[in-house]
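Engineer: Please find the sequence and the predicted model below.
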Amino acid sequence: MVDTAKHVFVIGLDAGNRAELETVRGAEGYAFHGLVDYDTIVLPERYPIEEILDEARRTLDAAPRVDAIIGHWDFPTTSMLPILRREYGIPGATLESVLYCENKYWNRLACEAAVPECTPAFQGLDALGADPAEQIRLPFPFWVKPAVAFSSYLGFRVEDTTQLREAVDAIRGGIELFSNPFQEVLGYAEHPERLPHTGSCSTLLAEGIIQGRLCTLEGFVFNGEVVTYAILDSIRGPNQVSFVSYQYPSSLPASVQTRMKRYTERLLHHIGLDHTPFNIEFFWDERDDQIWLLEVNPRISKSHCPIFRIATGTSHHEVAIDLCLGRRPRFPPDAGHYPMAAKFMPRVYGDARVLRVPDTRQIEALRADYPELVVDIHVHEGMELSELRGQDSYSYELADIFLGGRDEAELHDKFQTVMATLDFRFSAPVTTNYG
């Protein structure tokens, strides 16, 4: 029998994202394969880049055919993709353009050059250098974070020199998790002269406080054409750091969305990003009608995949597949069941032991009322919340909850009902964002 399927290899493929991949249009014509084990690529204790790449090459070399290589995780997945695609003749972004997104300090330099009007004050700090209080030129308060990291890992808001020193000390203890593999990835750059000559892998980014309504633009670049196909609102909790929900579509004014799209196009052309999905986060400070660019990711947001499936009928994994196959994506379709969809992140603000988590029976009972519901639980009975990896510095995320609704009020009512039914319990009274 002739094998006519397109063989699509997915870095760190897990059950949840395999299910989302199966919703894309034409899925019956694809054969999806995992590439590098999930536990190796997602929140391991370390990232041995050469070992990970060699594991991927062994899988690809043994395959009957390699038609596409995709991934939806942060660094190092995003940096491995251009390396492997280049080696196996698959269309994709250059490694240099991706590294401009991976390194937050380098990205700020690019923003300063291409879109200075939406770039906050910033500077680089040497994590291993002199007293950070002697290096800093920014006025307090500001954020300090590693130049290479994700999910607010080791990111701190600092109000004075004491907090700055404490934050840098904390970052020094964990910065090598990403700085060492980033240095290895740099060795694969074909044109290192196109990258900034300033800022080592131990660089920290200090940047001024920006605020407002946060949103994410999802899009792609194909043959130099920058297309934004969706904008989602990112809602933060009372601490203004921890995300509590992502909601689609955005409620921002159309004129603001248009300006954000123009900034996006200017920046991505400047860094040369092409043949890739992207998502870009912006703030809109309504008081001053000021737009601030927060960060750029050269990938789809996996957190948005069930949102798009609920609202449009298919996951935007479709975009990544089309681009790898050399096709211009046609996304989104209009086949969803709900005019709005959201991801909710139930959070606990403080440590405690988990005494109870919901079982499969409870979740299935909820789906009888909410058939679109997706529940992905991150904790288990008996664990301390502080054992969770990849958390921000201020809270612990219990689960991901995806729902659809007629409007924002219905979405939030559903979320409260779901959380009351799931009935997480803890060893001590805790503050949460759901009750």
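Structural biologist: Cool, got the structure. Just so it is clear, the structure is predicted and the values come from calculations on it, not from any experiment. Numbering: from 1, shown residues only.

Engineer: List the buried residues for the strand or helix carrying I321?
Structural biologist: Using DSSP states H and E, I321 falls within helix 317-324. Across helix 317-324, burial judged by 16 or more other C-beta atoms under 10 Å covers H317, E318, V319, A320, I321, D322, L323, C324. Bear in mind the C-beta positions are built from the backbone N, C-alpha and C, glycine included.

Engineer: Am I right that the first one is in contact with V24?
Structural biologist: Yes: look at H317 against V24 with C-beta atoms under 8 Å: they come within range, at 5.5 Å.

Engineer: Give me the below-cutoff pLDDT ranges for this structure.
Structural biologist: 1-2, 151, 198-200 (pLDDT under 70).

Engineer: thought E372 was touching L403?
Structural biologist: Yes: counting by C-beta under 8 Å, E372 touches L403, with 6.4 Å between them.

Engineer: overlap in contacts of these two?
Structural biologist: I310, A341 (C-beta atoms under 8 Å, 6 or more residues apart in numbering).

Engineer: Tell me which of the two has more neighbours.
Structural biologist: Set E372 next to L403 and count neighbours by other C-beta atoms under 10 Å: L403 wins out with 27 against 18.

Engineer: could you say which helix or strand contains the spatially closest residue to that one that is not a sequence neighbour?
Structural biologist: Excluding the flanking residues, the one nearest L403 by C-beta to C-beta, 6 or more residues apart in numbering is K414, at 4.9 Å. For K414, the host element (DSSP H and E) is helix 408-422.

Engineer: where do the helices sit along this protein?
Structural biologist: Here the chain has its helices, by DSSP state H, at 15-21, 38-41, 49-62, 77-88, 95-102, 104-114, 132-135, 161-172, 176-186, 254-271, 305-312, 317-324, 360-369, 408-422.

Engineer: what residues are up against the residue nearest to A365 when sequence neighbours are not counted?
Structural biologist: In this structure, A365 finds its nearest non-sequential neighbour in T421, 7.7 Å apart by C-beta to C-beta, 6+ apart. Listed by C-beta under 8 Å, 6+ apart, the contact set of T421 reads P358, Q362, A365, L366.

Engineer: now, which of these sits nearest C215?
Structural biologist: Closest approach to C215 among these (C-beta to C-beta): L366, at 28.8 Å.

Engineer: my read: that closest one touches L373, true?
Structural biologist: Yes: using C-beta under 8 Å, L366 makes contact with L373 at a distance of 5.7 Å.

Engineer: Please enumerate the shared neighbours of those two.
Structural biologist: In contact with both L366 and L373: V418, using C-beta under 8 Å, 6+ apart.

Engineer: Including distance to R389, could the contacts of T421 go into a markdown table?
Structural biologist: As requested, the contacts of T421 are arranged in a markdown table below (distance: C-beta to C-beta, whole Å):
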| residue | distance to R389 |
| --- | --- |
| P358 | 21 |
| Q362 | 26 |
| A365 | 30 |
| L366 | 27 |
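
Engineer: Out of these, the closest to F344 would be?
Structural biologist: Nearest member of the contacts of T421 to F344, counting by C-beta to C-beta, is L366, at 13.2 Å.

Engineer: Measure how buried the closest one is and give me the count.
Structural biologist: L366 has 19 nearby residues by other C-beta under 10 Å.

Engineer: ok, now which ones touch it?
Structural biologist: L373, V375, V418, T421, L422.

Engineer: Just the buried ones from the contacts of T421?
Structural biologist: P358, L366.

Engineer: picking up where we left off before, CSV please, covering the contacts of L366 and showing distance to S250.
Structural biologist: Output for these, formatted as CSV (distance: C-beta to C-beta, whole Å):
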residue, distance to S250
L373, 23
V375, 25
V418, 23
T421, 29
L422, 28
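
Engineer: Of all the helices of the chain, which one is nearest R347?
Structural biologist: Of the helices of the chain, nearest to R347 by C-beta to C-beta is helix 408-422, at 10.9 Å.

Engineer: Tell me if I'm right that E265 and V226 touch.
Structural biologist: Yes: with contact defined as C-beta under 8 Å, E265 reaches V226; the gap is 4.3 Å.

Engineer: how close does the closest residue to T59 other than its chain neighbours get to E28?
Structural biologist: Spatial nearest neighbour of T59, excluding adjacent residues (C-beta to C-beta, 6+ apart): L35 at 5.6 Å. Distance of L35 to E28, computed by C-beta to C-beta, to the nearest Å: 21 Å.

Engineer: Just the CA coordinates for stretch 340-355, please, in CSV.
Structural biologist: Extracted C-alpha coordinates of stretch 340-355, given in CSV (Å, rounded to 0.1, in the frame of the first residue of the first chain):
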residue,chain,number,x,y,z
MET,A,340,-16.5,33.5,22.6
ALA,A,341,-14.0,31.1,24.2
ALA,A,342,-11.5,31.3,27.0
LYS,A,343,-8.8,29.6,29.0
PHE,A,344,-9.1,30.0,32.7
MET,A,345,-6.2,29.5,35.1
PRO,A,346,-7.3,28.7,38.7
ARG,A,347,-4.6,30.0,41.0
VAL,A,348,-3.6,29.8,44.6
TYR,A,349,-1.6,32.6,46.1
GLY,A,350,0.5,30.9,48.8
ASP,A,351,1.9,27.5,49.5
ALA,A,352,-0.1,24.5,50.9
ARG,A,353,-0.4,20.8,50.6
VAL,A,354,-3.0,19.5,48.1
LEU,A,355,-5.5,17.3,49.9
